[in-house]
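J.: generate coordinates for the sequence data below:
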Amino acid sequence: MREESIPLARYGTLRTDDVDEAREWIGRRLRSHELRLVDGSRTVHAAHTVAALGTIEFHYIDYGANVEVRVDPMSFVLVQIPVVGRSLIRGGGQEIVATPTTAAVTTCTSSYVMRFAAPNPRLLVKIDRTAI
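T.: Now for the predicted structure:
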């Protein structure tokens, strides 16, 4: 994907093939987490952008690989909308399959295990708990 075609690119973009750099960069902007390659993926081709509007942030993330993300409870609500493909999200006693027509909403009170199959570009809306 060309840089200018990445959603929110004018707000700053991470582009990396380093899984540790992707985990650290995205963790600083959202929440620290575990990130690991799964299902035969050998490297990431990650992209991330973010634009803030007060207590709401808009993120675009694509790991460009099959990955699993594990995250502890967050101080915000996160709405995840896959642009392509599907995401499997488990937490709070529920399993959610997010697709381009079905968003997933993760709450502040649970830990989550999320699996993203490549390609996995998605738009996220981060809403601070104090705004709800």
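J.: shaky segments in the chain?
T.: Counting by pLDDT under 70, the chain contains low-confidence residues at 1-12.
J.: which residues of it fall in strands?
T.: 13-16, 34-37, 46-53, 56-62, 67-71, 76-82, 87-91, 94-98, 104-106, 112-116, 122-128 (DSSP state E).
J.: with distance to residue 23 and mean neighbour count added, can I get those in TSV?
T.: Using the backbone N, CA and C atoms, a C-beta is placed for each residue, glycine as well. Formatted as TSV, those follow (distance: least, CB to CB, whole Å; neighbours: other CB atoms under 10 Å):
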stretch	distance to residue 23	mean neighbour count
strand 13-16	10	16
strand 34-37	4	15
strand 46-53	9	18
strand 56-62	12	20
strand 67-71	9	19
strand 76-82	17	19
strand 87-91	17	18
strand 94-98	21	15
strand 104-106	18	20
strand 112-116	13	20
strand 122-128	16	18
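J.: partner residues bridging residue 16?
T.: residue 46 (DSSP bridges).
J.: make JSON lines from the strands of the chain and add distance to residue 24 to it.
T.: Shown next, in JSON lines, are these (distance: least, CB to CB, whole Å):
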{"stretch": "strand 13-16", "distance to residue 24": "10"}
{"stretch": "strand 34-37", "distance to residue 24": "9"}
{"stretch": "strand 46-53", "distance to residue 24": "11"}
{"stretch": "strand 56-62", "distance to residue 24": "14"}
{"stretch": "strand 67-71", "distance to residue 24": "13"}
{"stretch": "strand 76-82", "distance to residue 24": "19"}
{"stretch": "strand 87-91", "distance to residue 24": "21"}
{"stretch": "strand 94-98", "distance to residue 24": "24"}
{"stretch": "strand 104-106", "distance to residue 24": "21"}
{"stretch": "strand 112-116", "distance to residue 24": "18"}
{"stretch": "strand 122-128", "distance to residue 24": "18"}
